[in-house]
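# Just the structure for this:
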Amino acid sequence: QLQLVESGGGLVQPGGSLRLSCSASKFTLDFYDIGWFRQAPGKEREGVSWLSVVSGGAYYAESVKGRFAISRDNTKNMVYLQMNTLKPEDTAVYHCAAGEFSETAIKITYWGQGSQVTVSS
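The predicted model follows:
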């Protein structure tokens, strides 16, 4: 059964906004780093943003700094990604993931099926 389910993707014009949501079931997000990864056709998977369970701090890829914001609601066992000023190069399938994340090592324990985000006029 699915343990991470994303929603909120879609088609948006350049400059627009979308909010992705990720709902976790059968496990508690409190004990994991939780974040978002994306993969575009022909490109490698990219870590977009995550929240550290140890420090509480947030990581953002350089390409999204100042435009995206990650947040979590532990009472609802959910994590969100607010995406503003979207660009065509943000087009990708966005996956929610839980595990242990750092800029040098990614260990994924749970992985969502993904939500398509398309930025096009």
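# Just the CA trace of the longest strand along the chain, in CSV.
The longest strand of the chain (DSSP state E) is strand 92-101. Taking C-alpha atoms only, strand 92-101 is exported to CSV below (Å, rounded to 0.1, in the frame of the first residue of the first chain):
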residue,chain,number,x,y,z
ALA,A,92,9.4,17.5,-13.8
VAL,A,93,7.8,14.7,-11.8
TYR,A,94,8.0,15.7,-8.1
HIS,A,95,8.4,12.9,-5.6
CYS,A,96,7.9,13.1,-1.8
ALA,A,97,10.5,11.1,0.1
ALA,A,98,11.4,10.3,3.7
GLY,A,99,14.8,9.0,4.9
GLU,A,100,18.2,10.5,5.8
PHE,A,101,19.2,13.4,3.5
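# buried set for that strand?
Ala92, Val93, Tyr94, His95, Cys96, Ala97, Ala98, Gly99, Phe101 (16 or more other C-beta atoms under 10 Å). No exception for glycine: its C-beta is placed from N, CA and C like everyone else's.
# Likewise for stretch 74-85?
Result for stretch 74-85 [16+ other C-beta under 10 Å]: buried residues Asn77, Met78, Val79, Tyr80, Leu81, Met83.
# One more: stretch 12-29?
Applying 16+ other C-beta under 10 Å to stretch 12-29 flags Val12, Leu18, Leu20, Ser21, Cys22, Ser23, Ala24, Leu29 as buried.
# What is the nearest of those residues to Val53?
Leu29 (8.4 Å; C-beta to C-beta).
# pLDDT score assigned to the residue lying closest to that closest one once chain neighbours are set aside?
Closest residue in space to Leu29, ignoring its immediate chain neighbours: Asn77 at 5.4 Å, by C-beta to C-beta, 6 or more residues apart in numbering. Here the pLDDT value assigned to Asn77 is 92.
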